[in-house]
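S.K.: quick one: sequence and predicted model below, then my questions.
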Amino acid sequence: MKSLPFYFIAASVIFALLGMGYGMYMAGSENHLLAGAHAHNNLLGWVTMAIYGLYYRAVPAAIGRLATVHFWITLVANLIFPIGIALAILGTTPLLAAIGGGLEMLAMLIFGWIVLRNRAGLTA
């Protein structure tokens, strides 16, 4: 993936816009039932993906095949986790939330491994 930091940041902006849009909807409707899904979208989709992108920009040596896998797992997790949380809150099924949460954990474990492998990249 040629510009991994760009893809992480671009995805984070899309998640931020989705979160803001849903936040505005909740404020206008005065229905905050799905605030947990909204918060997870903002924290994991917007903030965490932006941090990942900034890390890869700061440590380009960390970009490789595993970092590309990290991006795709993170993207899929951030797409399904908030939806899964919403479905769980609505009483439909917690399965998608569990799968999304597991993928979020896997993404962070991969990121942690990448950071540890490239620890010299931030010690200047």
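M.R.: Sure thing, it's come through.

S.K.: from here on, just use CA atoms for contacts and neighbour counts.
M.R.: Noted.

S.K.: do you know how far Lys19 is from Ala107?
M.R.: No, residue 19 isn't Lys; it's Gly. Plainly put, Gly19 is 21 Å away from Ala107 if you go by C-alpha to C-alpha, to the nearest Å.

S.K.: repeat for Thr74
M.R.: From Thr74 across to Ala107, the span is 6 Å (C-alpha to C-alpha).

S.K.: what about the two, which has more around it?
M.R.: Taking neighbours as other C-alpha atoms under 10 Å, Thr74 and Ala107 compare with Thr74 leading, 26 against 22.

S.K.: quick check: buried residues in the helix or strand where that one lies?
M.R.: Under DSSP states H and E, the secondary-structure element containing Thr74 is helix 65-89. Of the residues in helix 65-89, those with enough neighbours to count as buried (16 or more other C-alpha atoms under 10 Å) are 67, 70-71, 73-75, 77-89.

S.K.: need the mean per-residue confidence for the helix or strand that comes right after that helix.
M.R.: Past helix 65-89, heading to the C-terminal end, the next element that is a helix or strand (DSSP H and E) is helix 95-117. Along helix 95-117, the predicted local confidence has a mean pLDDT of 97.

S.K.: buried sites along helix 95-117?
M.R.: Neighbour-count burial for helix 95-117, with 16+ other C-alpha under 10 Å as criterion, is recorded at 96-98, 100-101, 103-104, 106-108, 110-111, 114-115.

S.K.: could you list the low-pLDDT ranges of this structure?
M.R.: In the predicted model of the chain, residues 1-2, 123-124 satisfy pLDDT under 70.
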